[in-house]
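[1] Test case, fold it:
(one chain, ligands or ions: 1)
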Amino acid sequence: MKTKASALTDIEKSTLLQGTDFMYTAGVPRLGVPRLSMADGPHGLRKQIGGGDNGVSKSEPATAFPTAACVASSWNPENAERIGHAIGEECRCYGVHMLLGPGVNIKRNPLCGRNFEYYSEDPLLAGSFGAAFVRGVRSQGVGACVKHFALNNQENFRFMGNSVVDDRTMREIYLKPFEITVKDGEPAAVMSSYNRINGTFSSENRRLLTDILRGEWGFRGIVMSDWGGTYDRVAGVRAGEDLEMPGDTAVSLKKLYDALQDGTLPRADADAAIDRILSVTDEYTATERIPRLDSAAHSALAAEVAADSAVLMKNDGTLPLSGDEPLCVVGALFSDMRYQGSGSSMISPTEVITHKDAFDRRGVKYEYARGYSAGTSPEEGDPIAEAVALAGKYDTVLLYIGLTDLSESEGGDREHMRLPEEQLRLAYALIATGRRIVVVLSGGSPVELPFAGGVSAILNMYLPGQCGGEAGARLLFGEVSPSGKLAETWYKKYSDIPYGDEYSKRINELYKESIFVGYRYALTAGVSPAFPFGFGLSYTEFEYKNISVRQTDGGAVTVSFTLRNSGKRPGAEVVQLYVKNNKNSAVFKPERELRAFSKVYLEAEEEREVSLGFSVRDLSFWNTGKDGWTLENGEYTIALGASSEDIRLTVSLTVTEGVTATSPYPDNINEKMKRAEPIDDETFSALLGTPLPNEPPVLPLTMESRFCDFQKTFMGRILYNAVCGVAKRQLKKAKKLPAGPERDNRIKGAIF
Ligand code: BGC
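    Numbering: from 1, shown residues only. Below you'll find the model as predicted:
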């Protein structure tokens, strides 16, 4: 390292501990230390033009790759690595040293407004994608900043929420994807989350930032705050939070300087933080810029990955379409394609290939009816009647529906899990025509699909990035066989989700379901989802045979079997290895858990021997009685499947490397939790080992009040109306722009 903390004055140190100009570190001009420049992610580069903000103003054109929710459904982390590589190139072209992504938070509840930016409900899947993405970005000499560390699983109350969680759940579910990303990806930075964890803000959480992240996982980069996510800055530095973003806060600067003078901030803590900032700056500002980009190649990659990720959720044989028959196409999302979400991740795409564009390029013959409004203004006339009249003329109707821009965004959680009312009425009206309905679905998160039984096929595109239309057409017309599988559980109805009625309603968010998140809950509680975790159909078929298992002394387990594409088309199968925990376990455990996976691409009738591996240590549980991982001896079942519920082959595994464990839980709690039964607050408190926190009063307003609560006081209302007035004016202006991505982005920005 060229410059060390010891060479800096106290004022230079205090200055360097916070950012400047929204997306930069301050540098040390006197010593020639440059500024490190950052830009959002995660699924593309958002290099803002002029001053920065979180998602409103313009940004340079960049490739809008498929969102994390989409890419994860490919179950191929190489896709994330290739996207990371391409985004790294775009960063180099625009002189960005560090990308603010990936986001590896667990999808605890489908209503979280930011789920589209996250990969999965499963820690192994989320962590594997996070690590691969980081490796891709890093391969270009660009730093990646993994976020939001940790337990940031909702958007309501995002600046002041308190995630109340027991240690075991935190370790096994919520910290795990970060652990994998840090160890296997080596990101340059970690962004702490806005929320508190059991009462302590992440940005001041020494156990999280120093003991676990650095001490246990060996992280060597910098920890930075989320934008505006610092509270007591001196406590933050002491806890291991190096950099405050976006910075430029005179209050923090003075506090840090004073604390250095009076010794309340130990020099060793400040210097360690400074040295880390200097070392990351050294490393990533040295990367040379590249003069130009191959945008066409990046678009091609975006299309390829979107096609590899889309999930065929139902098919009675109607798909693939021949491409020759004339089609009826219904739904505004056909031309107003949804391809990304709203908020700080929003990108100005280099191009957009909508579903309509892809059909027109192929010369597909179709007639079109809008059916509903995708935007902010209601449709004129009776769009449903028009669509039904058109459908009557055709055998096959393609219905493009999904969550609209208005229904999911950073900054707020969805209020329900339904599609917009108008779209539901349209779907039922079309089903009533008796025509074959093929649904093409968009959106960053699961929705209830109560009409699924009445349609012929459902192709779920998620938010597929700027070339989503091209990907959709390849799949519909059978140029590529669908091979995505769900990286999250699609429940039949929101009320099936554990503690769904309590989610995101209060500052204190109680993680009462403990480790039973997603399929862990569905399988253990015996709730049958509409579409299970790991599920997805193909145009071809796969046969699994000849399973065997090998164990080495070091605890490495290798499971081998033969996979055969027994159909007539090339295709890919996502093979999932779950481990079912032994019935005699001392502690409650999920019915089975994902421990390895592999995506295998096979020609028609090709067969291949496939091996998947894991370590027996991966089967350990976090033992709250010992504050460490415990591996239980005994019999386990390895289950190879095409989904979490479609197990094709099993083999047993005897573990002898561990111990005979004893339960740290009272018997009644352990027994209840073994069945993933609902628990009351009192039982949760016993599980937690501490009393539950009280909900703070709404008034008086404090630095931690929610913005909407400002309406409750006279002065607060004035401020509230002033801020909302600005947004309303932006919205009005945006609506006057000509139709296109620029208008869409401006509208989304204003709403965000
Ligand atoms: C978001 C981060 C983002 C940052 C900078 C915050 O509001 O939570 O994900 O990277 O803004 O735009």
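
[2] From here on, just use CA atoms for contacts and neighbour counts.
    Fine.

[3] Look up how far Met160 lies from Ser652.
    46 Å (Cα to Cα, to the nearest Å).

[4] the more surrounded of these two?
    With neighbours defined as other Cα atoms under 10 Å, Ser652 and Met160 compare such that Met160 has more, 18 against 14.

[5] looking at this, the more buried one is in a strand?
    No: assignment of Met160 by DSSP: H, G, I helix; E, B strand; the rest coil gives coil, placing it outside any strand.

[6] who touches it in this structure?
    Met160 makes contact with 194-196, 507, 704-706, according to Cα atoms under 8 Å, 6 or more residues apart in numbering.

[7] mind running it again at 6 Å?
    Applying Cα atoms under 6 Å, 6 or more residues apart in numbering, we find Met160 in contact with 195, 704.

[8] Please tell me how far it sits from Gly113.
    16 Å.

[9] One more: Lys735?
    For Lys735 relative to Gly113 (Cα to Cα), the value is 23 Å.

[10] Between the two, which has more neighbouring residues?
    The residue with more neighbours, out of Lys735 and Gly113, is Gly113; 26 against 16, by other Cα under 10 Å.

[11] how about the nearest residue to the more buried one, chain neighbours excluded?
    Asp413 (4.1 Å; Cα to Cα, 6 or more residues apart in numbering).

[12] and the residue of the stretch 501-650 of the chain found nearest the ligand, which of the three is it?
    Nearest to the ligand in the stretch 501-650 of the chain, going by Cα to the nearest ligand atom, is Ser504, at a distance of 16.8 Å. On the three-state scheme (three-state DSSP), Ser504 is labelled coil.

[13] Can you report how many residues lie near it?
    24.

[14] That one and Thr690: what is the separation?
    For Ser504, the distance to Thr690 - Cα to Cα - is 21 Å.

[15] next one: Tyr428
    50 Å.

[16] between these two, who's got more neighbours?
    Tyr428 (14 against 11).

[17] Find the nearest non-adjacent residue to the more buried one, please.
    Phe451 (6.9 Å).

[18] and the one you found, what pLDDT?
    Here, the pLDDT recorded for Phe451 equals 98.

[19] From Arg506, how far off is it?
    Relative to Arg506, and taking Cα to Cα, Phe451 is found at 33 Å.

[20] And the two? Which one has more around it.
    The neighbour count for Phe451 versus Arg506, taken as other Cα under 10 Å, is higher for Arg506 (14 against 11).

[21] Count residues in the vicinity of Leu459, would you?
    24.

[22] Is it located within a strand, as I assumed?
    Yes: assessed with three-state DSSP, Leu459 lies in a strand.

[23] Pull the contacting residues for it.
    Residues counted as contacts of Leu459 (Cα under 6 Å, 6+ apart) are 311-313, 440.

[24] What pLDDT does the model give it?
    99.

[25] Could you measure from it over to Asn79?
    Leu459 is 20 Å from Asn79, by Cα to Cα.

[26] Give me every residue in the protein lying close to the ligand.
    Residues of the chain lying close to the ligand (Cα under 6 Å from any ligand atom) are 40, 54, 100, 226-227, 344.

[27] just checking, which of those belong to strands?
    Of the positions in the residues of the chain next to the ligand, 40, 100 sit in strands, assigned by DSSP state E.
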